[in-house]
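Asks: turn this into a structure:
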Amino acid sequence: MKHLIAAATVAVFSAGTAMAEKVTLNMPSTFPGSLIQLGQAGVKLQDTLNLISGGDIEMKFFEPNALVPPLEIYDNVSNGSVDAGWSVPGYWGSKNSAYNLFAAVPFGPSAGEYLAWHWYAGGEEMMNEIYNRDGIQSLVCGVIAPEASGWFRKEINSPEDLKGLKMRFFGLGAKVMQKLGVDTQLLAGGDIYPALERGTIDATEFSMPAIDQNLGFYNIAKHYYFPGWHQQSTIQELLISKAKWDGMTDAQRAMISTACRANTATQLAEGEAIQGKALAEMEANGVTIHYWSDDMLNTFRGAWDEVVAEEIAANPDFKNVWDSMQQFRGEYAKWKNLGYLK
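Replies: Numbering: from 1, shown residues only. Sure, this is the predicted structure:
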């Protein structure tokens with residue numbers, strides 16, 4: 001009997017010590033929570049994770065600048081000042097140009113192909129090899145389908161029309177535009193409209209039609225260009241302090257990973273559902289929709305080839321990630337060409 005009591009006591013004690021400590025994740029965002037898709041997806045992640053964790057994890061979404069400025073999230077997660085962040089890897093291209101390849105690639109993969117590379121061909125793993133150096137864990141936690149190519153006050157008919165423009169542009173596409181004489185700058189979403197309104201910038205790209213409509217760019221610039229050669233799909237991420245991530249239980253990490261996978265599927269489906277209505281409404285408000293000519297697309301592609309060669313020569317991380325992606329895309333191409341209608 002004594003042995004049974006002792007065994008029961010040990011079992012109860014072991015169970016108590018094995019209970020997970022509650023994890024709190026204060027998560028500043030690069031996007032306002034009201035911004036359809038990009039910001040709302042972060043709020044949905046918060047709500048989903050808090051619900052399914054049963055109190056084991058408490059995530060709190062913070063608006064841009066409420067805790068830290070949007071473009072300082074990386075440093076603050078890295079040094080442990082904040083637990084997490086809601087963002088896009090391309091915002092950290094100044095830290096390491098390879099981050100751009102995990103976010104959006106000019107003339108790159110569509111959403112399905114991009115996710116396949118990230119989750120089943122080592123993309124997300126390579127991403128964390130770089131992030132982990134700075135004490136950060138990143139999870140692919142969202143994806144949006146093609147973006148528009150940009151908003152312009154005047155019609156663009158040739159590469160000459162781009163020269164001298166001041167334009168908000170993101171990621172690797174910005175380097176392409178620089179090759180064509182555009183003065184680019186990276187602005188967070190909430191800063192773009194005021195810059196357009198004041199004339200600080202002449203043009204901008206940001207996202208897909210429903211998101212651009214939400215930000216009101218059509219009130220200032222009336223020429224809207226497609227296709228979004230620079231971002232055929234864009235990955236969103238959840239950043240977490242590596243120390244925080246490592247301190248979680250397997251169950252807690254699994255809940256976060258599962259919530260991110262669900263968030264990604266929901267965001268992609270919603271994004272595809274809402275673009276037609278947004279385009280029709282903006283056309284009704286005087287927006288002229290343009291499709292780049294083959295000559296213009298070839299110009300962008302030629303400049304992109306130059307950018308790739310330069311980035312490969314300058315950064316071994318970029319080369320390694322690029323080689324991985326290109327190998328996968330080469331294998332995927334046969335399936336894509338056989339399986340999908342053209």
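Asks: then stretch 26-34 to CSV, C-alphas only?
Replies: What follows is stretch 26-34 as a C-alpha-only set of coordinates in CSV (Å, rounded to 0.1, in the frame of the first residue of the first chain):
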residue,chain,number,x,y,z
ASN,A,26,2.8,40.6,-27.4
MET,A,27,2.8,41.1,-31.2
PRO,A,28,3.4,44.5,-32.8
SER,A,29,2.4,44.7,-36.4
THR,A,30,3.7,46.4,-39.5
PHE,A,31,0.1,46.7,-40.8
PRO,A,32,-2.9,48.3,-39.1
GLY,A,33,-5.4,45.8,-37.8
SER,A,34,-8.2,47.3,-39.9
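Asks: show me what counts as buried in it.
Replies: For stretch 26-34, a neighbour-count test (16 or more other C-beta atoms under 10 Å) marks Asn26, Met27, Pro28, Ser29, Thr30, Phe31, Pro32, Gly33 as buried. In this view, the C-beta of every residue, glycine as well, is placed from N, C-alpha and C.
Asks: need those residues in JSON lines with pLDDT, can you?
Replies: Shown next, in JSON lines, are the buried residues of stretch 26-34 (pLDDT from 0 to 100):
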{"residue": "Asn26", "pLDDT": "98"}
{"residue": "Met27", "pLDDT": "98"}
{"residue": "Pro28", "pLDDT": "98"}
{"residue": "Ser29", "pLDDT": "98"}
{"residue": "Thr30", "pLDDT": "95"}
{"residue": "Phe31", "pLDDT": "94"}
{"residue": "Pro32", "pLDDT": "95"}
{"residue": "Gly33", "pLDDT": "96"}
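Asks: for Gly271, state which of those residues is nearest.
Replies: Nearest to Gly271 among the buried residues of stretch 26-34 is Phe31, at 13.9 Å by C-beta to C-beta.
Asks: doesn't that closest one lie inside a helix?
Replies: No - the assignment for Phe31, made by DSSP: H, G, I helix; E, B strand; the rest coil, is coil rather than a helix.
Asks: wait, isn't it in contact with Gly189?
Replies: Yes - with contacts counted by C-beta atoms under 8 Å, Phe31 reaches Gly189, the gap being 5.5 Å.
Asks: point out where the stretch 201-342 of the chain drops to low pLDDT.
Replies: Of all residues in the stretch 201-342 of the chain, none has pLDDT under 70.
Asks: all helices of it, in order?
Replies: 209-215, 242-246, 250-273, 275-284, 294-314, 316-339 (DSSP state H, counting those that start in this stretch).
Asks: gap between the two ends of stretch 93-110?
Replies: Length of stretch 93-110, first residue to last, C-alpha to C-alpha, to the nearest Å: 21 Å.
Asks: so for it, what gets flagged as buried?
Replies: Within stretch 93-110, the residues that qualify as buried are 93, 95-106, 108-109, counting by 16+ other C-beta under 10 Å.
Asks: can you check stretch 280-291 too?
Replies: Applying 16+ other C-beta under 10 Å to stretch 280-291 flags Met282, Val287, His290 as buried.
Asks: adding distance to Arg133, write the residues you listed out as CSV.
Replies: Formatted as CSV, the buried residues of stretch 280-291 follow (distance: C-beta to C-beta, whole Å):
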residue, distance to Arg133
Met282, 43
Val287, 44
His290, 42
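Asks: which among the residues you listed gets closest to Gly228?
Replies: Among the buried residues of stretch 280-291, and counting by C-beta to C-beta, the member closest to Gly228 is His290, at 12.5 Å.
Asks: grab the nearest non-local neighbour of that closest one.
Replies: Tyr225 (4.9 Å; C-beta to C-beta, 6 or more residues apart in numbering).
Asks: burial measure for that neighbour, as a count.
Replies: 21 (other C-beta atoms under 10 Å).
Asks: repeat for Lys334
Replies: Lys334 - counted by other C-beta under 10 Å - has 9 other residues nearby.
Asks: state the distance from it to Gln327.
Replies: 13 Å (C-beta to C-beta, to the nearest Å).
Asks: near the closest residue to Met248 other than its chain neighbours, how many other residues are there?
Replies: Spatial nearest neighbour of Met248, chain neighbours left out: Val23 (5.7 Å); criterion: C-beta to C-beta, 6+ apart. Counted with other C-beta under 10 Å, residues neighbouring Val23 total 22.
Asks: my read is that Val23 contacts Glu58, right?
Replies: Yes - between Val23 and Glu58 there is a contact at 7.2 Å, judged by C-beta under 8 Å.
Asks: follow-up on the earlier one: and the gap between the residue nearest to Met248 and Ile256?
Replies: 9 Å.
Asks: any idea what the closest residue to Lys154 other than its chain neighbours is bridged to?
Replies: The spatially closest residue to Lys154, leaving aside those adjacent along the chain, is His223, at 6.7 Å (C-beta to C-beta, 6+ apart). For His223, the beta-bridge partners are Phe152, Thr288 (DSSP bridges).
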